[in-house]
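K.L.:
Using only what follows, build the 3D model:
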Amino acid sequence: MFLDRLRIPIVQAPLAGGPSTPELTAAVLEAGAFGFLAAGYKSVEDVAVDIAALRRLTDAPYGLNIFVPDAEVDPDVFADYLTEIAAEAYRHGVTLGKPRHDDDSFAAKLDLAVAERVPVVSFTFGCPDAATIERLHRAGSEVWVTVTDPLEADDAGTGGADVLIAQGIEAGGHRGSFVDRDDREDYGLLALLQLLTARVDLPLVATGGIGTGAAVAAVLAAGARAAQLGTAFLRCPEAGTSVAHREVLMGSGRTRLTRAFTGRSARGIENRFMTEHSTAPVAYPQIHHATAALRRAGRVAGDPDVVNLWAGQAYPLAHDRPAADLVATLSHELAGALTTAARLAGDLAPG
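P.N.:
Numbering: from 1, shown residues only. Predicted coordinates for the structure are as follows:
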């Protein structure tokens, strides 16, 4: 298992939607941690190019993240919302995209992962069926599945997952929930880790609101084998984070969950679009495709009010520094936190 080989128990999250680059992942891998490339939102050809670029930069084992397709949604669910946001697109000189359903080339990306014998393939938004997981196992891949509650963990474990990525509500970007719905219960990371360690016998990678080495130490103490960080890497020069996004990450605005940009619950820094369109329905990826041109126009214009500013609750702790430096800093902080914890534990020991 690759978690057993990690010199530093830190995982760089996939960061789909622009920030993911081969350069970022290579820097993290070369620094002794583990890193993912994002397949989400990219064509199969572009994912293949990213894998080839990464292999030119490093020989270290790596991961590839793939989105599990959502179920189709009746167009009546989101028709009124599209009418509501059409004026936003008009103001930015673009038209809304076609609100289509697709599977993000799921089967073709699986074929690519098998052909490339990707060391670790992770899944978000669901767990693939047992036959798919077995196919990846035959290709030599480990399968990691993001879960957000105990029932999802049960399903992933039964399906044959090797590792569970436990995502707390603090995390930035999309919730990895198998089904996005209003009546679901969301768990903070510490509560989720406790529930999962008592329930499943699988290695856990903890993610959500982790921005320091002390936080990495905390999730290790709570039962995780490693900590996955995403927002912490967004300001690294190797990341493909947009200028508008980077600038807002240097501020102190509040974060909250929204469906306004994509039709799926995601945590980002609050902006005008999020506030004015807070009633977005569950309709992913239809709304994602509808708003894509608008968000692109906002990034080009440097207008953060129409850009999805994904960020976790600990985002003010992120800094502008090379990825290798960040990993080294986190590792140093982790060692210090564990030393302090060991000393305190020793002081509490009987006798």
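K.L.:
now the strands: where do they sit in the stretch 51-200 of the chain?
P.N.:
63-67, 120-124, 142-147, 163-167, 173-174 (DSSP state E, counting those that start in this stretch).
K.L.:
Please name whichever of those strands is nearest to Glu84.
P.N.:
strand 173-174 (21.6 Å; C-beta to C-beta). (Glycine included, C-beta is placed from N, CA and C.)
K.L.:
For Val121, give me its contacts.
P.N.:
63-66, 113, 136, 141-144 (C-beta atoms under 8 Å, 6 or more residues apart in numbering).
K.L.:
pull the longest helix from this structure.
P.N.:
helix 323-348 (DSSP state H).
K.L.:
mean confidence for it?
P.N.:
In this model, helix 323-348 has a mean pLDDT of 92.
K.L.:
how about it: buried residues?
P.N.:
Neighbour-count burial for helix 323-348 flags 323-324, 326-328, 330-331, 333-334, 337-338 (criterion: 16 or more other C-beta atoms under 10 Å).
K.L.:
That helix - contacts with which helices or strands?
P.N.:
Applying 3 or more C-beta pairs under 8 Å, 6 or more residues apart in numbering; DSSP states H and E, one finds that helix 323-348 contacts strand 10-12, helix 22-30, helix 213-221.
K.L.:
Any idea how many residues pack against Gly140?
P.N.:
Residues near Gly140, counting by other C-beta atoms under 10 Å, number 10.
K.L.:
Also the one 3 residues further on?
P.N.:
Counted with other C-beta under 10 Å, the burial measure for Val143 works out to 23 neighbours.
K.L.:
How about the contacts made by it?
P.N.:
120-123, 128, 133, 136-137, 160-163.
K.L.:
and which of the contacts of Val121 is nearest Arg56?
P.N.:
Closest to Arg56, out of all of these and judged by C-beta to C-beta, is Leu64, at 16.1 Å.
K.L.:
Mind jotting down where the helices sit in the protein?
P.N.:
Under DSSP H, the chain gives helices at 2-5, 22-30, 44-57, 79-91, 106-116, 130-138, 150-159, 189-197, 213-221, 243-249, 272-276, 286-301, 323-348.
K.L.:
Would you mind putting these into TSV with distance to Asp182 alongside?
P.N.:
What follows is the helices of the chain, written out as TSV (distance: least, C-beta to C-beta, whole Å):
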stretch	distance to Asp182
helix 2-5	35
helix 22-30	34
helix 44-57	33
helix 79-91	15
helix 106-116	26
helix 130-138	29
helix 150-159	17
helix 189-197	19
helix 213-221	28
helix 243-249	27
helix 272-276	17
helix 286-301	16
helix 323-348	36
